[in-house]
Every structure is written in C-alpha cells, then in structure tokens.
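In: Provided below for reference: sequence and predicted model.
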Amino acid sequence: MLTSDTEKLFTAYRIIGTKWTIHILCSLSQGPKKFSEIYGCVPSISEAILSKRLKDLQNDNLVNRTGLTHSIQNMYELTPKGAALAAFIPCLMDWFTKNMN
C-alpha cells in the first residue's frame, strides 16, 4: 500500500507531468489571458488539447475561467493554488541552466 507521501507525489506528478501543463501555467503566471492568448504562447498545441488541459486545470482548482462581459470569450487566470505551483517553474529552469549545460 502507498504511503501518504507517495500518494502526494503521484498526485503532483499527475498534474504537472501532463503534457503542456507547465507551458500553460507559465503563460498564466504572467497574468490573466484569453484562450487565444494562451494558444499563442504554447508552441505546437492544438486548440482541442488546450481546451482539455484548461478544463483539467480548472478541475484541479489551479485555474479559474471567467466570462467577459458582453463577449463570448473567457479569461483564464491562476488561482492562488495554481500560482503557488507555477512558482516552481523558475526553479526548474535554473536547475536546467546549472546542471544541463
């Protein structure tokens, strides 16, 4: 049987290990964006996959979606929980710079 710590690790990996999640979190860490703005920031992702990933992140309470007044467009932004997770991205980039070059 898995220990509590192992379960936490697998849950975290399920979230951040999904393709494109880090890119989306990184994009939204710069502020709220419309779907089309996120789409433009994430290289090589399809609209269908971006939509799915955003829904997954909403279900994990990492991203909020709000409708714009007088528009059919939505804005996406990180929740505090999502911002806390996105805060580790610069650490990953720093690790890569120090260790993989």
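Out: On my side now, so go ahead. Residues are numbered from 1 along each chain as shown.
In: how about the backbone phi and psi for Lys19?
Out: phi -50, psi 140 (degrees, to the nearest 10).
In: ok, now the one 4 residues further on?
Out: Main-chain dihedrals, His23, degrees, to the nearest 10: phi -60, psi -40.
In: which ones are touching it?
Out: His23 sits next to Cys41, Val42, Pro43, Ile45 when contact means Cβ atoms under 8 Å, 6 or more residues apart in numbering. In this view, the C-beta of every residue, glycine as well, is placed from N, C-alpha and C.
In: what about the nearest residue to Val63 once chain neighbours are set aside, which SS state?
Out: In space, and not counting its chain neighbours, Val63 is closest to Leu57: 4.0 Å by Cβ to Cβ, 6 or more residues apart in numbering. Counting by DSSP: H, G, I helix; E, B strand; the rest coil, the backbone at Leu57 sits in helix.
In: of the contacts of His23, which one scores lowest on pLDDT?
Out: Across those, the smallest pLDDT goes to Pro43, namely 87.
In: I'd say Leu57 and Leu85 touch.
Out: No. Taking contacts as Cβ atoms under 8 Å, Leu57 lies outside contact range of Leu85: 9.6 Å.
In: so for the two, which sits in the more crowded spot?
Out: For Leu57 versus Leu85, neighbours defined as other Cβ atoms under 10 Å are more numerous around Leu57 (25 against 21).
In: dump the residue contacts of the more buried one.
Out: So Leu57 contacts Thr21, Ile24, Leu25, Val63, Gly82 (Cβ under 8 Å, 6+ apart).
In: and if you look at Ile49?
Out: So Ile49 contacts Lys19, Trp20 (Cβ under 8 Å, 6+ apart).
In: how does it look with 7 Å?
Out: Listed by Cβ atoms under 7 Å, 6 or more residues apart in numbering, the contact partners of Ile49 are Trp20.
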